[in-house]
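> My questions concern the predicted model and sequence given below.
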Amino acid sequence: MPETKADIDQAADLTLLIDAALAAGKVACQFVGPETKRWDKPDGAGPVTEADLAVNRLLEDTLQAARPEYGWLSEETEDSTLRLDKTRVFVIDPIDGTRSFAAGSKTWAHSLAIVENGFPYAAVVYLPQRDLLYVAALGKGATCNSETLAVNPAPDIENAHVLATKITMQPENWSEHKVPQFTHSHRPSLAYRMARVADGSYDAMITLRPTWDWDIAAGDLILREAGAVTSDQFGTPLRFNSKSAQNAGVVAAARPLQGALLKRLVGAPNRSQDL
């Protein structure tokens, strides 16, 4: 079947994101985490470093020059309601895992997505110091370093290996205060956690805190194109570029396991597995 204009546009946008992510990696790696200037944002919004801002400048200059008609949403750019009227919007986290970056760890990522009418249609998560380039396009599948990704066929909930924070594992988050006896681990960077489920390294990931679009938009598409089901903690499909730029957490896994997790979470006892 010959390529349509939409296919060509999508391929060009994905190439643009890949090139921008690779360039971002070169900029970020010029900084040495523990020696990089760091300060805390107002209102407990977390840390930021001079590396975050340098990468953001590069990405904003590069991507907006290439697609001036697209909206812009980035963790390190003051938000504007102008993005709400745009069909396509760049959703960017210059460095996802800033604390990890500042501590000198290799586990941090550049997270880049283009959202079209609320849903990602091109995405890149790049970990330059781990040499991992995750890429996805809507309807075209997902890859890591050009290898096709597929989520694990879902085990039963008690035998799953889930990426989850300590807060998620508190009894009050689970029905009847009974925490499932799955194995749980943690990794810095939400984008990386989502990618690790997409590549089959883990069976599921859960975060129950409100999550910013820039942390999860790219990971959402990579997961879904690898065969996962994603939703917020109440089973509602994730949607991006809302006024709040947030979703109510993330639960992601292959379909049977994702449904089983939702049923066990407080406030979601009757979630359908057909989400």
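Received, thanks.
> Can you give me the neighbour number for Thr15?
12 (other CB atoms under 10 Å). Where you see a C-beta, it was placed from the backbone N, CA and C, and this is true even at glycine.
> typed the wrong thing, it's Leu14
Counted with other CB under 10 Å, Leu14 comes out at 21.
> what's near enough to touch it?
Ala122, Val124, Val135, Ala137 (CB atoms under 8 Å, 6 or more residues apart in numbering).
> What is the nearest of the residues you listed to Asp52?
Closest approach to Asp52 among those (CB to CB): Val124, at 17.3 Å.
> quick revisit: what's the most distant pair in the contacts of Leu14?
Farthest pair in these (CB to CB) is Val124 and Ala137. Separation: 10.0 Å.
> okay, these two: which has more neighbours?
Per other CB under 10 Å, whichever of Val124 and Ala137 has more neighbours is Val124, with 28 against 22.
> Now that one: which helix or strand?
strand 119-127 (DSSP states H and E).
> and what of Ile114?
Counting by DSSP H and E, Ile114 is part of strand 109-116.
> Output the contacting helices and strands for that strand.
Packing partners of strand 109-116 (3 or more CB pairs under 8 Å, 6 or more residues apart in numbering; DSSP states H and E): helix 5-28, strand 88-96, strand 119-127, helix 190-198, helix 213-225.
> what about that strand, average pLDDT?
Averaging pLDDT along strand 109-116 gives 98.
> Pairing partners for that strand, with directions?
strand 88-96 (antiparallel), strand 119-127 (antiparallel) (DSSP bridges).
> Quick one: end-to-end distance for stretch 243-250.
From its first residue to its last, stretch 243-250 covers 18 Å (CA to CA, to the nearest Å).
> what residues does it touch?
So stretch 243-250 is contacted by 73, 79, 81, 84, 190, 194, 205-214, 216, 220, 230-234, 236, 238-240 (CB under 8 Å, 6+ apart).
> gap between it and the chain center?
12 Å (CA atoms, centre = their mean, to the nearest Å).
> Just the buried positions in that stretch, please.
Ala245, Gln246, Asn247, Ala248, Gly249, Val250 (16 or more other CB atoms under 10 Å).
> How about stretch 173-183?
So stretch 173-183, judged by 16+ other CB under 10 Å, has buried residues Asn173, Trp174, Val179, Pro180, Phe182.
> Measure how buried the closest residue in space to the fourth one that isn't next to it in sequence is and give me the count.
This points to Pro180. Counting by CB to CB, 6 or more residues apart in numbering, Ile157 is the residue found nearest to Pro180 once chain neighbours are left out, at 5.1 Å. Applying other CB under 10 Å, we find 20 residues neighbouring Ile157.
> Kindly report the same for Arg83.
For Arg83, using other CB under 10 Å, the count is 19.
> same deal with Tyr192?
Neighbours of Tyr192 using other CB under 10 Å come to 24.
> you'd agree it is up against Asp96?
Yes. Tyr192 lies in contact with Asp96 (CB atoms under 8 Å); the separation is 7.2 Å.
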